[in-house]
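Undergrad: Sequence and predicted structure, then a few things I'm wondering about:
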Amino acid sequence: MIEIRKSEDRGHANHGWLDSYHTFSFAGYHDPDHIQFGSLRVINEDRVQPGQGFGKHGHRDMEIVSYVLEGALKHSDSMGNGSIIRPGDVQRMSAGTGITHSEYNASQSDPLHFLQIWILPETLGLAPSYEQKYFTISEKRDRLCLLVSPDGHNGSVTVHQDVRIYSSVLENGGRVNHTLVPGRRAYVQLTSGRAEVNGQFLHAGDGAGITNESSILLTGVPGGEVLIFDLA
């Protein structure tokens, strides 16, 4: 079964400096039909104005993944990490027993467009930790590139949950197939372009919850990027 979540049906909040779309309930947006999908708790698509951002604030017991689509994200946290995250980078921060951090648009002239992803951890009270890795377009082109996994397989970023996140950048007519182990589910998020997912057409910003399917067949057009969340 495939349940399409159209981009325009997501929660939306425009604060001027921040324009954000929420796939699942978040902050002032509550939708009892879209609280989470398995351990996937948040997919926020954020556009941040130049020089603006999220001031220092705290989290605990959450796996937070940031994925930049355009621009540059400036990160600083209470663990002493400071970095710039650009397209191709995957940042994972395990909040565990508690961290504070800030996230700003690193540019004073260009907008920032990124996905903020929250995953519920398998275990509470972990020690906070941080990881950041870069993946090339060629690693994703017409193939599945493993970005996130519970064991760091194939150089992926490690999260403390039984979830795997893949990216595929599909060329015109490019086809990629992902097999789902019986009992697992998947969430698909289209970050750009257009793609066909098991016969259903998605546009940028659309998502799809997939249950009771044995595989996911992706077919795309130039520039379309798909994220697959393979979940227990």
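TA: Nice, I can see it.
Undergrad: And the protein, what are its domain boundaries?
TA: Listed domain ranges for the chain are 10-134, 137-231 (source: automatic domain parsing).
Undergrad: And those domains, which one averages the lowest pLDDT?
TA: Sorting those by mean pLDDT places domain 137-231 lowest, at a mean of 94.
Undergrad: gap between the two ends of that one?
TA: End-to-end distance of domain 137-231 (C-alpha to C-alpha, to the nearest Å): 24 Å.
Undergrad: swap in stretch 64-75?
TA: Between where stretch 64-75 begins and where it ends, there is a gap of 13 Å, by C-alpha to C-alpha.
Undergrad: Next, the buried residues of it.
TA: Neighbour counts over stretch 64-75 (16 or more other C-beta atoms under 10 Å) mark 64-69, 71-75 as buried. Any C-beta I mention is one placed from the backbone N, CA and C, and that applies to glycine too.
Undergrad: Just the pLDDT for the residue nearest to residue 162 when sequence neighbours are not counted.
TA: Leaving out its chain neighbours, the residue that sits closest to residue 162 by C-beta to C-beta, 6 or more residues apart in numbering is residue 232, at 4.4 Å. On the pLDDT scale, residue 232 is placed at 95.
Undergrad: so who does residue 232 touch?
TA: 38-39, 162-163, 183-185 (C-beta atoms under 8 Å, 6 or more residues apart in numbering).
Undergrad: any idea which element the residue sitting nearest the centre point of the chain lies in?
TA: Nearest residue to the geometric centre of the chain (C-alpha atoms, centre = their mean): residue 117, 4.5 Å. Using DSSP states H and E, residue 117 sits within strand 112-119.
Undergrad: Identify all contacting residues around that strand.
TA: 39-48, 50, 53, 62-73, 85, 105-106, 159, 161, 163, 165, 189, 191, 227.
Undergrad: Mind listing the strands the host helix or strand of residue 225 pairs with, and their directions?
TA: According to DSSP H and E, residue 225 maps onto strand 224-231. Applying DSSP bridges, strand 224-231 is found paired with strand 163-170 (antiparallel), strand 185-192 (antiparallel).
Undergrad: still on that earlier bit, which one of the buried residues of stretch 64-75 sits closest to residue 89?
TA: Ranked by distance to residue 89 (C-beta to C-beta), the buried residues of stretch 64-75 are led by residue 68 at 6.2 Å.
Undergrad: May I have the residues that are in contact with residue 161?
TA: Listed by C-beta under 8 Å, 6+ apart, the contact set of residue 161 reads 39, 63, 119-122, 150.
Undergrad: typed the wrong thing, it's residue 170
TA: Here residue 170 is in contact with 142, 176, 193, 195, 218-221, 224-226 (C-beta under 8 Å, 6+ apart).
Undergrad: Just the buried residues of those residues.
TA: 142, 176, 193, 195, 218-220, 224-226.
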